[in-house]
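J.: After the sequence you'll find the predicted model.
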Amino acid sequence: MTDTASPLRRRLRVLYESDGPTGDRFRYALLAFDLATVSWLVATSFLPRGLHTTTIDIAIGAVFLADLMARLWISRRPMREIFSFWGVADLLVIFSLLVPIWGEGLAFLRVLRLYRVFHSPQTLTQLRDDIPGFRRNETALRAGLNLLIFIFAMTALVYQTQSGVNEKIGNYVDALYFTVTTLSTTGFGDITLVGNFGKLLSVVIMIFGIGLFLRLVQVIFRPRKVEFPCPACGLRRHDPDAVHCKACGIVLAIPDEGLE
């Protein structure tokens, strides 16, 4: 089938979807930018709000808007993407950054962009190809990253909803301290959230946080497996030195990097 897309659209598809070096560099740059915006989110909790912080937030919002418009333009199903969870989250973040009615508003959702970017098929394939350690420990690393993103997302939400109404939440570190102690069920009690929403948020942090933490512990301590889909039955997880599939017995050809 002839590709009738414009040159610009083809170029964007190379950046967002290709497996070549250009796409790899672009996705690494996108991931680095998202990490930088999370760092800025933390830093602004210690800075007084002013023209400089608002200007930087608007600039970040403009970059997010350009990224969203580019992804929608090259998407085969743009309406499905814009009304997906990630599409709605991006819209809320962009609106809160470009129209800062309530401080940073819902900008804490920018933390979730890390999850979307990191878990995209292109990024995962790229990390497996470029980083042997990631390929060997992918399950544990992904579980750890999921927990870390959850902690930062909940910390940002705690800070955004409690700052100004809770004298014990003065900056991002206070919110991070509360989130970690609540997630671990340590609960020193020196910081508590106010209001019914604060209580419900504490419950959410405990329930989902403990689940993610137990998942991380599980993948760390269980025997290591490698991801390799069996060509016959589709079983994906095998022992690193497996010769035959445990499910169907077919001979496997699991890529081996040799002795370390």
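T.: Received, thanks.
J.: Wait, C248 touches H238, no?
T.: No: the criterion here is C-beta atoms under 8 Å, and C248 misses it with H238 at 11.7 Å. Every C-beta, even on glycine, is put in place using the N, C-alpha and C of the backbone.
J.: Show me the residue at the heart of this protein, geometrically.
T.: Nearest to the geometric centre of the chain sits Y115, at 1.5 Å (C-alpha atoms, centre = their mean).
J.: didn't it look like it was pressed against L147?
T.: No: using C-beta under 8 Å as the test, Y115 is too far from L147 to be in contact (11.3 Å).
J.: circling back to that earlier point, you'd agree the residue nearest to the centre of the chain is in a strand?
T.: No: assignment of Y115 by DSSP: H, G, I helix; E, B strand; the rest coil gives helix, placing it outside any strand.
J.: Now do the same contact list for it.
T.: N146, I149 (C-beta atoms under 8 Å, 6 or more residues apart in numbering).
J.: Check the spacing between it and R27 real quick.
T.: Distance from Y115 to R27, counting by C-beta to C-beta, to the nearest Å: 14 Å.
J.: can you give me how far the longest helix along the chain is from the chain middle?
T.: Among the segments of the chain that qualify as a helix by DSSP state H, the longest is helix 195-221. Distance, stretch centre to chain centre, for helix 195-221: 17 Å (C-alpha atoms, centre = their mean, to the nearest Å).
J.: For the very next helix or strand once past it, the averaged confidence score.
T.: As assigned by DSSP states H and E, the chain's next helix or strand after helix 195-221 is strand 226-227. Mean pLDDT, strand 226-227: 76.
J.: Give me the distance between strand 226-227 and the centre of its chain.
T.: Computed by C-alpha atoms, centre = their mean, the chain-centroid distance of strand 226-227 equals 22 Å.
J.: same thing with stretch 43-50?
T.: Mean-position distance between stretch 43-50 and its chain equals 24 Å (C-alpha atoms, centre = their mean).
J.: hey, C-alpha coordinates of it in PDB?
T.: Extracted in PDB, the C-alpha atoms of stretch 43-50 (Å, rounded to 0.1, in the frame of the first residue of the first chain):
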ATOM      1  CA  ALA A  43      11.900  22.000  43.200                       C
ATOM      2  CA  THR A  44       8.900  24.300  42.900                       C
ATOM      3  CA  SER A  45       7.500  23.100  46.200                       C
ATOM      4  CA  PHE A  46      10.500  24.900  47.800                       C
ATOM      5  CA  LEU A  47      10.200  28.100  45.700                       C
ATOM      6  CA  PRO A  48       7.800  31.000  46.000                       C
ATOM      7  CA  ARG A  49       5.300  31.100  43.200                       C
ATOM      8  CA  GLY A  50       6.000  33.900  40.800                       C
END
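J.: shouldn't V219 be in contact with A143?
T.: Yes: contact criterion C-beta under 8 Å: V219 and A143 qualify, at 5.0 Å.
J.: just to revisit the earlier point, if you count what's nearby, which of C248 and H238 comes out ahead?
T.: H238 (20 against 12; other C-beta atoms under 10 Å).
J.: can you tell me which residues contact that one?
T.: K225, V226, F228, C230, C245, K246, L252, I254.
J.: contacts for the one helix or strand A175 maps to?
T.: Using DSSP H and E, A175 sits within helix 172-183. Helix 172-183 has contacts (C-beta under 8 Å, 6+ apart) with 41-42, 45-46, 151, 154-156, 158-159, 162-163, 168-169, 187-188, 191-193, 202, 205-206, 209-210, 213.
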